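Trainee: I'd like to go over a predicted model; first the sequence, then the structure.
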Amino acid sequence: MYEELTVFQKKHRDKATMMLSESFHSNPLFIYLFPDEKKRRKILENVYKGTVEIVAAVSDVYVTSDKVEGIFAVRRTDKAASYSVLCGAIMKTVLRSLLLIRDVPLIPFIRKAKKLAAVSAKMAVYKKQKPHLIIDMVAVDPACRGQKFMSRMIRAALKEADSKKTFCVLETETLENVRIYEHFGFQLSQKIEVIERQLTVYVLIYDPYDQTRHLFNID
């Protein structure tokens with residue numbers, strides 16, 4: 001299923017970090033958390049160094065090739081994370097973040113982060129369902145868009161979902177991405193408005209077997 005992709009390795013980290021920070025620089029979530037454009041770019045470059053390691057501890061991470069035109073992660077909810085690897089990755093990220101605290105007003109940041117808790121609470125409903133796949137950290141280098149790298153990644157995960165007769169969940173913060181994922185067969189399940197007219201999280205499900213039909217249109 002993932003034969004056309006490359007398993008993420010340490011040698012890919014620097015390219016992946018720069019590509020992720022560039023891809024998500026204009027994402028509404030990060031604009032909301034870090035309004036200052038210059039600080040946001042610096043913060044994302046540092047945060048994604050740790051984020052990739054954290055995600056890799058709980059998911060399988062793939063890149064499109066050694067050139068890292070694209071990257072994404074697939075988490076299987078029935079697969080236990082490596083506790084030691086996860087703790088180590090989190091500690092590294094925390095230490096890196098300490099260097100950036102002076103660049104972010106702490107109290108406003110905490111208030112914003114608390115509002116995001118509503119997303120986690122609403123996402124919890126899927127955890128009660130049968131084991132499924134969660135797609136995360138999907139990004140394609142802006143210079144490589146329109147070359148079917150996104151299709152190669154997403155379709156690989158959907159093949160796994162089909163083979164296991166299960167469903168797939170992902171989140172996005174832009175309507176543009178909603179349209180892209182709908183093209184692959186995803187359906188909009190939840191629309192979570194975090195900040196009116198500023199930040200909305202869209203939850204999409206790929207479920208050709210209608211295992212989650214009763215969950216659709218939850219507000």
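Mentor: That came through fine.

Trainee: For this protein, just list every one of the helices.
Mentor: Using DSSP state H, the helices assigned to the chain run over residues 13-23, 28-33, 37-58, 83-98, 106-115, 117-127, 149-164, 175-183.

Trainee: now the third one against helix 13-23, angle please.
Mentor: Looking back up the chat, that one is helix 37-58. Relative orientation of helix 37-58 versus helix 13-23 (axes from the mean of the first three to the mean of the last three C-alpha atoms, to 10 degrees): 130 degrees.

Trainee: thinking again about what came up before, I'd like to know which of the helices of the chain is closest to Leu204.
Mentor: helix 175-183 (5.0 Å; C-beta to C-beta). Every C-beta, even on glycine, is put in place using the N, C-alpha and C of the backbone.

Trainee: Could you count how many residues lie near Arg155?
Mentor: Applying other C-beta atoms under 10 Å, we find 14 residues neighbouring Arg155.

Trainee: actually Arg197, sorry about that
Mentor: Using other C-beta under 10 Å, Arg197 has 6 other residues around it.

Trainee: Equivalent analysis for Leu116, please.
Mentor: By other C-beta under 10 Å, the burial measure for Leu116, its neighbour count, is 17.

Trainee: Any chance of CSV for the helices of the chain, columns distance to Pro142 and mean pLDDT?
Mentor: What follows is these, written out as CSV (distance: least, C-beta to C-beta, whole Å; pLDDT from 0 to 100):
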stretch, distance to Pro142, mean pLDDT
helix 13-23, 6, 93
helix 28-33, 15, 88
helix 37-58, 14, 83
helix 83-98, 24, 49
helix 106-115, 26, 70
helix 117-127, 26, 78
helix 149-164, 11, 96
helix 175-183, 13, 96
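
Trainee: Now distance to Leu199 too, for the ones you listed, in JSON lines please.
Mentor: Formatted as JSON lines, the helices of the chain follow (distance: least, C-beta to C-beta, whole Å):
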{"stretch": "helix 13-23", "distance to Leu199": "18"}
{"stretch": "helix 28-33", "distance to Leu199": "5"}
{"stretch": "helix 37-58", "distance to Leu199": "14"}
{"stretch": "helix 83-98", "distance to Leu199": "21"}
{"stretch": "helix 106-115", "distance to Leu199": "8"}
{"stretch": "helix 117-127", "distance to Leu199": "10"}
{"stretch": "helix 149-164", "distance to Leu199": "23"}
{"stretch": "helix 175-183", "distance to Leu199": "13"}
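
Trainee: Which one of these lies nearest to Arg75?
Mentor: Closest of the helices of the chain to Arg75 is helix 37-58, at 5.7 Å (criterion: C-beta to C-beta).

Trainee: before we move on, back to that, I'd like to know which of the helices of the chain lies nearest to Val201.
Mentor: Closest among those, using C-beta to C-beta: helix 117-127, at 5.1 Å.

Trainee: wait, doesn't Gln198 sit right on Tyr32?
Mentor: Yes - in this structure, Gln198 is within contact of Tyr32 by C-beta atoms under 8 Å, at 6.1 Å.

Trainee: Looking at those two, which has the bigger crowd around it?
Mentor: Between Gln198 and Tyr32, Tyr32 has the larger neighbour count (other C-beta under 10 Å), namely 16 against 10.

Trainee: Quick one: residues contacting that one.
Mentor: Lys112, Val194, Ile195, Gln198, Leu199 (C-beta atoms under 8 Å, 6 or more residues apart in numbering).
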